[in-house]
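Quick one: sequence and predicted model below, then my questions.
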Amino acid sequence: MDDAVRPNALRAALEHRLGWPIVTLALLLALNAAFNPGFLHIEWRDGHLYGSLIDILNRAAPLAVVSLGMTIVIATRGIDISVGAIVAIAGAVAAWAIGGSIAGDVTRLPLPVVLLAALGVALLCGVWNGLLVARAGMQPIIATLILMVAGRGIAQLITSGQIITIYYSPYFFFGGGYFLGLPVSILIVALVFALLYLAITRTALGLFLQAVGINPTAARVAGVQARRLTLGAYAFSGLCAGVAGILISSNVKSADGNNAGLLLELDAILAVTLGGTALTGGRFTLAGSVIGALIIQTLTYLIYSLGVPPEVNLVVKAIVVFAVMMLQSGEFRATVAKFARRPALSDREVHR
Amino acid sequence: MNSRLPKPPSVPITPGHGGRAPWRSRTQSRYLPLAATIALFIAVSVIGSTMYTGFLSPQVFLNLLIDNAFLIVVAVGQTFVILSGGIDLSVGSVIALTTMVSAALVEKAGWHPLAVIPLVLLMGTAFGTFMGWLIARFRLQPFIVTLAGMFLARGLCYLISIDSISITHPWYAAVSQIRIPVMSDASLSIGAVIALVVLAIAVFVAHYTPFGRSIYAVGGNPHSALLMGLPVHGATIGAYALSGFCSSLGGVLFTFYMLSGYGLHAMGLELDAIASVVIGGTLLTGGVGYVIGTLFGVLLLGIIQTLISFDGSLSSWWTKIAVGALLLVFCLSQRAFGHRAASR
């Protein structure tokens, strides 16, 4: 009944695909602001912007990049659980290419080569996943499970099982530096997002990806190069994980084959789901995934600022995942609607 | 003893069994992944024994069972879930939660272990049942539901304590020391014996009970299973409940093995369990596979680890690379068999 008095604009906003993610994010930000008075304050310090919001954006950057790649993979009805391992491999390759020199300005290979090597290896990992899924026809979760298991071993092989500390200071620019007053990592995410957004809105790529996700067979019959697109999606996801690997290793100034990007694949899948992209493939939203990544980071920040042990974060995350998947489940909504509607048939039924 | 377990009967799983198609070739292709795993296990043992003296001793092989007892139990539960067409990512964290609850109740609350163990088993089963109910009732994706379950169980560990709790109760120490002599100079731990018993019961349940047959049917084709009047919801929930029970039993064995409770215990064990099931010849699409194969999957992983530790010059991360390579080979060959079966 209260539906009738609710302004139409609000209902339209909530029915928009990004409505609920944005509401969730706003709610979390409001909670943060309530518990922490200086939360929304942003100031100019040491030649760059400074504040909690900037910090959240900066820390969410690797997750956001990985989520963008994951969105494309999920759009093709796939899943990529190897991204955490690829992050570790990319970080390890970068650390190896920089070398262990303690002097702050010496590298084994020049910086562009370092970056190209890390991204190249990550791209190769993605292509490998793509070949297994698109050519060998494996289930995505299994195809990427192989690299998830073996990838950590490979990363440790590159770092000889050690945590390699990076001393080369120009490398720190990517994960910890500032450009035009903003953290470089945010700008990198913005760049990846902008390029991807243009590619899927200005070309038919987005349409083809959705077609493959909704019905691969129909897409192929209609002339879409389904296999090539799937391969491309996994390659792109690998590349994104490589970017995240550079951001993370540059931010923590070290490469750890065992723990870099640990559980990142799960966070990325969570971010994509929170953003409103269904795991069943098809329709996807890039902005939603970035918002999803921000939701996760804001939630983490809130838990830290409440003084709760950070490990408890996992319980909160679990509850959020349960809630989101219930809301996404048609069966659940039908059950709730049945209970809600039992007293009298309201006009809500007509809208459903 | 395990190698003398009866081979599972060739009950029809694949459609089109009714005809008088060449029975032998069909049976062969169905047993092929299992045979390949066993052959590979024997091959690795032979290679190991020619390369290193002392590798072929009975105790080395019994140690495979002792060191992997909890993994066998967990992987058996995982086999049922995968056979039903799902996946359970929460097994490792349920183990951690079980060790944590056991340690907290025994050490902090002063309960007797014999009261704690039934409670944690019940807890694990309830946890699995809840996830199975969500999956079956609301048609949620098993991957996401059990992922949330994994987060939840790990998080609950940290709610109990962030640090490791060591178990000093004499009962636990005594049970973990019990050795059952097998031959003159070899012995098994109580955990390994429990694992073998669980395996034997699981083989019986999977192949000789209506519940087991429904799980195969649901995994093969849920729609057909529903039309045949099989309890699809019940079988799905049962598979996850069984996996939850096996995970918590694995957790009890893990407690005997580690004598401590810790939220970081059994990190990534779900991957080992899934890898063992796949290497054991069970198809991840569900409906095809044998519980006994999972034992050899676990043993194959274990013997590779033993080989690497015997070698000494190879570092531990080669285990991960070897497991990944094995997964690749088995999945690719499964695809090849699958295509042949589909085209027939």
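Looks like it came in fine. Numbering: from 1, shown residues only, chains lettered A, B, ... in the order given.

Find the residue closest to the closest residue to chain B within the stretch 151-300 of chain A in space, skipping its chain neighbours.
Among all residues of the stretch 151-300 of chain A, A:G153 sits closest to chain B, at 3.1 Å; criterion: CB to the nearest CB. Every C-beta, even on glycine, is put in place using the N, C-alpha and C of the backbone. Leaving aside its chain neighbours, A:G153 sits nearest to B:K320 (3.1 Å; criterion: CB to CB, 6 or more residues apart in numbering or on different chains).

Roughly how far does that neighbour sit from A:N258?
When distance is defined by CB to CB, to the nearest Å, B:K320 is 10 Å away from A:N258.

hang on, the residue nearest to A:G153 packs against A:A155?
No: between B:K320 and A:A155 there is no contact under CB atoms under 8 Å: 9.4 Å.

Give me the common contacts of the two.
Here B:K320 and A:A155 have no joint contacts, going by CB atoms under 8 Å, 6 or more residues apart in numbering or on different chains.

low-scoring stretches of chain A, by residue?
A:1-15, A:100, A:102, A:328, A:341-352 (pLDDT under 70).

helix or strand for the residue in it positioned nearest to chain B, which one?
In chain A, no residue comes nearer to chain B than A:A150, which is 2.4 Å away by CB to the nearest CB. Element membership for A:A150 (DSSP states H and E) is helix A:140-159.

More neighbours: B:K320 and A:N258, which one.
Using other CB atoms under 10 Å in any protein chain shown, the more surrounded residue of B:K320 and A:N258 is B:K320, with 24 against 16.

Tell me the predicted confidence for the more buried one.
Note on B:K320: pLDDT of 83.

Low-confidence regions, the stretch 151-300 of chain B specifically.
B:184.

returning to what we had before: so what's the residue nearest to A:G153 up against?
By CB under 8 Å, 6+ apart, the contact list for B:K320 reads A:149-150, A:152-153, A:156.

how close does it get to B:L121?
Going from B:K320 to B:L121 by CB to CB gives 31 Å.

re the thing from before, for the helix holding A:A150, output the C-alpha coordinates as CSV.
The C-alpha trace of helix A:140-159 is given here as CSV (Å, rounded to 0.1, in the frame of the first residue of the first chain):
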residue,chain,number,x,y,z
PRO,A,140,35.2,-22.1,-16.5
ILE,A,141,35.5,-22.8,-12.7
ILE,A,142,37.7,-25.9,-13.3
ALA,A,143,39.7,-24.4,-16.1
THR,A,144,40.6,-21.4,-13.8
LEU,A,145,41.0,-23.7,-10.8
ILE,A,146,44.0,-25.2,-12.5
LEU,A,147,45.8,-21.9,-12.6
MET,A,148,44.5,-21.0,-9.2
VAL,A,149,46.3,-24.0,-7.7
ALA,A,150,49.4,-24.0,-10.0
GLY,A,151,49.7,-20.2,-10.2
ARG,A,152,50.7,-19.8,-6.5
GLY,A,153,53.3,-22.5,-7.1
ILE,A,154,54.6,-20.6,-10.2
ALA,A,155,54.7,-17.3,-8.3
GLN,A,156,56.6,-18.9,-5.5
LEU,A,157,59.0,-20.4,-8.1
ILE,A,158,59.7,-16.9,-9.4
THR,A,159,60.3,-15.5,-6.0
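
C-terminal to that helix, what's the next element?
Following helix A:140-159 toward the C-terminus (DSSP H and E): strand A:163-165.

before we move on, the earlier item: how many residues are close by the residue of the stretch 151-300 of chain A closest to chain B?
Neighbour number of A:G153 under other CB under 10 Å is 25.

How about the contacts made by it?
A:G153 makes contacts with B:317-321, B:324, as judged by CB under 8 Å, 6+ apart.

Same question for B:S276.
B:71, B:75, B:78, B:294, B:297-298, B:300-301.

So the helix or strand containing B:A136, near chain A or not?
Per DSSP H and E, B:A136 falls inside helix B:113-138. Yes: Helix B:113-138 is in contact with chain A by CB under 8 Å from any CB of the partner chain, via B:134, B:137-138.

now the strands: where do they sit in chain B?
Secondary structure of chain B (DSSP state E): strands located at B:165-166, B:179-181, B:187-189, B:260-261.

Direction included, what does the first one pair up with?
Meaning strand B:165-166. Take DSSP bridges as the rule and strand B:165-166 pairs in its sheet with strand B:260-261 (antiparallel).

Pick out the residue nearest the middle of the chain.
No chain in the question, so chain A it is. Centroid-nearest residue in chain A: A:S67, 1.9 Å away (criterion: CA atoms, centre = their mean).

um, chain B though
B:A75 (0.6 Å).

Tell me which stretches of the stretch 101-250 of chain A form strands.
For the stretch 101-250 of chain A, the strands defined by DSSP state E, counting those that start in this stretch cover A:163-165, A:178-179, A:182-183.

Report how many residues lie close to the closest residue to chain A within the stretch 1-150 of chain B.
Closest to chain A within the stretch 1-150 of chain B is B:A148: 3.8 Å, counting by CB to the nearest CB. Residues contacting B:A148 under the criterion other CB under 10 Å number 27.

Might one say that it is in contact with A:M325?
Yes: in this structure, B:A148 is within contact of A:M325 by CB under 8 Å, at 7.2 Å.

which one is whatever residue of chain B ends up closest to chain A nearest to, not counting chain neighbours?
Using CB to the nearest CB, the closest approach of chain B to chain A is made by B:G324 at 2.4 Å. Spatially, and ignoring its direct neighbours in sequence, B:G324 is nearest to A:A150 (2.4 Å; CB to CB, 6+ apart).

Please verify my assumption that that neighbour contacts B:A325.
Yes: using CB under 8 Å, A:A150 makes contact with B:A325 at a distance of 6.7 Å.

between the two, which one's more packed in?
A:A150 (23 against 16).

List the contacts of the more buried one.
Taking CB under 8 Å, 6+ apart, we find A:A150 in contact with A:85, B:320-321, B:323-325, B:327-328.

B:S243: which of those is nearest?
B:L327 (20.1 Å; CB to CB).

For the closest one, which non-adjacent residue is closest in space?
Spatially, and ignoring its direct neighbours in sequence, B:L327 is nearest to A:I146 (4.8 Å; CB to CB, 6+ apart).

Quick check: that neighbour touching B:I321?
No: checked against CB under 8 Å, the pair A:I146 and B:I321 is beyond contact range at 10.5 Å.

number of nearby residues for the residue nearest to B:L40 when sequence neighbours are not counted?
Of all residues not flanking B:L40 in the chain, B:L300 sits nearest, at 6.1 Å (CB to CB, 6+ apart). By other CB under 10 Å, 26 other residues sit near B:L300.

who's in contact with B:L300?
Here B:L300 is in contact with B:37, B:40-41, B:44, B:276, B:279, B:326 (CB under 8 Å, 6+ apart).

Which pair of those residues spans the longest distance?
Using CB to CB, the pair of these lying farthest apart is B:V44 and B:S276, separated by 14.7 Å.

re earlier: could the strands of the stretch 101-250 of chain A be laid out in CSV, adding distance to chain B and mean neighbour count?
Formatted as CSV, the strands of the stretch 101-250 of chain A follow (distance: least, CB to the nearest CB, whole Å; neighbours: other CB atoms under 10 Å in any protein chain shown):
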stretch, distance to chain B, mean neighbour count
strand A:163-165, 14, 16
strand A:178-179, 34, 16
strand A:182-183, 28, 20
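
which of the contacts of B:L300 count as buried?
In the contacts of B:L300, burial by neighbour count holds for B:37, B:40-41, B:44, B:276, B:279, B:326, counting by 16 or more other CB atoms under 10 Å in any protein chain shown.
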